[in-house]
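Peer 1: coords below, sequence missing:
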């Protein structure tokens, strides 16, 4: 797994910005990234899973938080976003990073923000971010995965959903998205599924196949939710293959869980921030941050 952390210098017009058309840019960024890769590196597009017959997508867009807006004036502003690469696709970073230098605009229909500069830092777990440039390619080649990070058990945990979460059961699909907060076990299992599929080495290091993991899950099965600020939000996703934009609904906000949380669960949730949870993670949905309470 590898993160390409992008800082875009954009030229914007408040009255014509794509952000006026949608409060969530995940779909727009997803379309732009896929278009660049398919155009310049079609072989890598196949490896990343950018085709409908691909069983997994080995990348995820990290867009700005839902509702992000630049300063209320015309001119230039900075926009932070990112692209996660999973599995063996991290080895393609030498080809993917230069492609991003061809990204010139953020477009939604006739609304356009122009990208004046794209600064890229390569972030690998366990190492300092490295500025992407031609002279640093050798250093990037020498990156190795380091999953040996220390975590501690906790008396509580907070999940902040910064992009819309769609984590529905079959029953919820029939009645529409509501603001009922999911139990911690549902969030953990969603993150676990993605980690197991995309980074099995990490899943192994976290002990996700062990009896201890089953015991850890049981300990949080009925963990109480003490507070939440979840709200339902809407946005439209414009697709190159659809004639009309698709209306989507999801949840953003904070959820507080209180009670003893085993160290294995804390570790999985922290690593899960790199993967996202729920549906549409390739488009940047289900991204979150996590904070814990100290164990007494």
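Peer 2: Noted; the coordinates are in hand. These numbers were taken from a predicted model, which means no experiment stands behind them.

Peer 1: Please give the centre-to-centre distance between stretch 95-108 and its chain.
Peer 2: Its chain's C-alpha centre and that of stretch 95-108 lie 18 Å apart, by CA atoms, centre = their mean, to the nearest Å.

Peer 1: Name the residues that touch it?
Peer 2: 4, 6, 8, 10, 18, 21-22, 25, 28-29, 32, 36-37, 40-41, 44, 83, 85, 112-115, 118, 120, 122, 132, 238 (CB atoms under 8 Å, 6 or more residues apart in numbering). Every residue, glycine included, has its C-beta placed from N, CA and C.

Peer 1: of the residues you listed, buried ones?
Peer 2: 4, 6, 8, 10, 18, 21-22, 25, 28-29, 32, 36-37, 41, 44, 83, 85, 112-113, 115, 118, 120, 122, 132, 238 (16 or more other CB atoms under 10 Å).

Peer 1: And for the closest residue to residue 212 other than its chain neighbours, the neighbour number?
Peer 2: Nearest residue to residue 212, sequence neighbours excluded (CB to CB, 6 or more residues apart in numbering): residue 264, at 6.7 Å. Here the count is done by other CB atoms under 10 Å, and residue 264 has 21 residues near it.

Peer 1: Also residue 211?
Peer 2: 8.

Peer 1: Same check on the one 4 residues further on?
Peer 2: Residues lying near residue 215 (other CB under 10 Å) number 11.

Peer 1: Output the lowest mean pLDDT helix or strand found in this structure.
Peer 2: helix 170-175 (a mean of 56; mean pLDDT, DSSP states H and E).

Peer 1: coming back round to it: which ones among the contacts of stretch 95-108 are found in strands?
Peer 2: When DSSP state E defines the strands, the subset of the contacts of stretch 95-108 inside them is 4, 6, 8, 10, 83, 85, 112-115, 118, 120, 122.

Peer 1: any idea which helix or strand comes after the longest strand seen in the chain?
Peer 2: Ranked by residue count and defined by DSSP E, the top strand of the chain is strand 246-261. Following strand 246-261 in sequence order, the next helix or strand is helix 263-272 (DSSP states H and E).

Peer 1: Could you check stretch 55-72 and say which residues are buried?
Peer 2: 57-66, 68, 70.

Peer 1: how about a markdown table for these, with distance to residue 197, secondary structure and pLDDT added?
Peer 2: Listed next are these as a markdown table, based on distance: CB to CB, whole Å; DSSP: H, G, I helix; E, B strand; the rest coil; pLDDT from 0 to 100:
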| residue | distance to residue 197 | secondary structure | pLDDT |
| --- | --- | --- | --- |
| 57 | 10 | coil | 93 |
| 58 | 9 | coil | 95 |
| 59 | 13 | strand | 95 |
| 60 | 12 | strand | 95 |
| 61 | 18 | strand | 94 |
| 62 | 18 | strand | 94 |
| 63 | 22 | coil | 92 |
| 64 | 26 | coil | 92 |
| 65 | 26 | coil | 93 |
| 66 | 25 | coil | 92 |
| 68 | 29 | coil | 84 |
| 70 | 36 | coil | 71 |
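
Peer 1: Let me know the closest of the residues you listed to residue 252.
Peer 2: residue 66 (5.2 Å; CB to CB).

Peer 1: Next, work out how far apart that closest one and residue 235 are.
Peer 2: 8 Å (CB to CB, to the nearest Å).

Peer 1: Overlap in contacts, these two.
Peer 2: What both residue 66 and residue 235 touch, as defined by CB under 8 Å, 6+ apart, is the set 23-24, 164.

Peer 1: residues in contact with the residue nearest to residue 179 when sequence neighbours are not counted?
Peer 2: The shortest distance from residue 179 to any non-neighbouring residue, by CB to CB, 6+ apart, is to residue 230 (4.7 Å). Shown in contact with residue 230 (CB under 8 Å, 6+ apart): 161, 179-181, 251-255.
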